[in-house]
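> Next input, structure requested:
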Amino acid sequence: MKARMRFWTVMITLIMALLITMQISPVAQASGLELKGKSCVLLDAQSGDVLYQQNGDVKCYPASVTKIMTLVLILEALDNEQIALDDIVITSPEAASMGGSQVYLYEGEKRTVEEMIIAIAVGSGNDASVAMAEFVAGSESAFVDLMNKRAKELGMTDTHFANPHGLHDANHYTTAIDMAKLAYHALSLPNFLKYTSIYEYDFRPEPKPLKLWNTNRLLKWYDGCDGLKTGYTPEAGRNLVATAKRNGLRLISVVMGVSEAKGHFTESMKLLNYGFNNYTFDILFPAGQIMAETSVSKGARDKVTLMPQEDVGELMKKGDKSEITSRVECEPYLNAPLHKGDQAGEIILLKDDTEIGRFNLVVAEDVAKSSFGRMFAKLLREVGFNFIGADA
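Got it, this is the predicted structure:
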């Protein structure tokens, strides 16, 4: 009897220990991932859903992944026409004096905004980051204020920036979750991946040649990778915010605080592999497919077709057989002139009658404003039809 009681006591203890372990890290237990580093997050880039995290809300030092925010503010300034790609940026003494990762700008050196963007995205230039901060906001400190304001707007509740480059400062910190939120927003900017996907760039051909090599080795090592940014300081460890796309599925991985050399690359690949092995993006309507037709008022044509701007689909766990339905919402008529790419409606996806996603519908082709002659002829036809109808 006593032996039997001891047996059940041992079994209950083991079961309780197992339950406690599962409560501590349910996702990690289910996935079998064993990732090194301080924290990590895997995000679906289309929905923003977190697919995996390990200590995602732990405070970390970002190092040069800070420059994702720096680039976001620069590209947003371009979109707002506050600055232009061919504007000339003059390197200040402060920018030229920056240490750490740099592109060796000298005081008074003149570069275009686009060259500075590449210097930041590819060469991780601290000097270029300060030069652009001064150019966009008037001073580095004013730019940092913009960084913190934008962080709050993006819901980065556990982040505070002290500079635009990432050199260590005890008051310069973030979390993997916050960096994932920032990367998610960055990918919505049309030209962000254009610059972070550049692997090499001749920044200074002469008199002393300087070729920039992208510090993100996954651009060459991992199929589908086209961004975003690495970071390293002794205090931060090795960080990498990366994104890759395969078969319509785009993922964002964030790995922070890895100590091993090249460990931020190997751990990011483990994280991305987990995502691509377990999830798929089920494409329902490919980009460019004609989805609807709507009327045009005062246009050279009476109708215009609408299409999705991007592939329309839904993230699915592999093996999930849930049925996805859709509906189209658009205006009954649009006013000319119209330009190809103008937003004109939405496709709504539903699972079990619950909305799970919205995708933009855009005008498929240009429609010019109607000439007076065409509008007059149309009016005569309409009057004629109405008159005939009245006689009948």
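> So which residues of this protein form helices?
Under the criterion DSSP state H, helices of the chain are mapped to 2-24, 26-31, 67-79, 93-96, 113-121, 126-137, 140-153, 176-186, 192-196, 218-221, 263-278, 372-391.
> who's in contact with the residue nearest to the spatial centre of the chain?
When CA atoms, centre = their mean is applied to the chain, the residue found nearest the centroid is residue 187 (2.3 Å). Counting by CB atoms under 8 Å, 6 or more residues apart in numbering, residue 187 touches 45, 193, 227, 243, 250, 252. C-beta coordinates here come from the backbone N, C-alpha and C atoms, glycine included.
> Would you quantify the distance from it to residue 253?
13 Å (CB to CB, to the nearest Å).
> swap in residue 205?
Distance, residue 205 to residue 253, using CB to CB: 35 Å.
> Pairing partners for the residue lying closest to residue 302 once chain neighbours are set aside in the sheet, please.
With CB to CB, 6 or more residues apart in numbering as the criterion, residue 302 has its nearest non-adjacent residue at 5.9 Å, and that residue is residue 296. Applying DSSP bridges to residue 296 gives these bridge partners: residue 334.
> thought residue 296 was touching residue 367?
Yes. Contact status for residue 296 versus residue 367: in contact at 5.4 Å, counting by CB atoms under 8 Å.
> overlap in contacts of the two?
Contact criterion CB under 8 Å, 6+ apart; residues shared by residue 296 and residue 367: 304, 336, 338.
> So among those, where is pLDDT lowest?
Ranked by pLDDT, these bottom out at residue 336, which has 86.
> quick one: that residue and residue 358, what's the gap?
When CB to CB is the yardstick, residue 336 and residue 358 sit 26 Å from each other.
> again, but for residue 147
29 Å.
> More neighbours: those two, which one.
Neighbour comparison, residue 147 and residue 358: the larger count goes to residue 147, with 23 against 11 (by other CB atoms under 10 Å).
> Quick one: residues contacting the more buried one.
Here residue 147 is in contact with 69-70, 73, 161, 164 (CB under 8 Å, 6+ apart).
> any idea which of the residues you listed is the one closest to residue 140?
Comparing these against residue 140 with CB to CB places residue 164 closest, at 6.5 Å.
> got a list of what the closest one touches?
With contact set as CB under 8 Å, 6+ apart, residue 164 has these partners: 66-67, 69-70, 129-130, 132-133, 140, 143-144, 147.
> what does residue 309 give?
By CB under 8 Å, 6+ apart, residue 309 lies in contact with 287, 341, 343, 359-362.
> Go again with 6 Å.
360, 362 (CB atoms under 6 Å, 6 or more residues apart in numbering).
> Would you report the backbone torsion angles of it?
Comment: the main-chain dihedrals of residue 309 come out as phi -80, psi -30, following degrees, to the nearest 10.
> Pull the number of nearby residues for the residue nearest to residue 200 when sequence neighbours are not counted.
What sits nearest to residue 200 in space, not counting adjacent residues and going by CB to CB, 6+ apart, is residue 213, at 5.5 Å. For residue 213, the tally of surrounding residues (other CB under 10 Å) stands at 12.
> swap in residue 302?
One way to gauge burial is a neighbour count; for residue 302, by other CB under 10 Å, it gives 12.
> follow-up on the earlier one: so which of the contacts of residue 164 comes closest to residue 257?
The shortest separation between residue 257 and any of those is 14.6 Å, and it belongs to residue 66 (by CB to CB).
> Let's have the shared contacts of residue 296 and residue 367 in TSV, adding neighbour count.
Supplementary listing: these in TSV, determined by neighbours: other CB atoms under 10 Å:
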residue	neighbour count
304	23
336	17
338	22
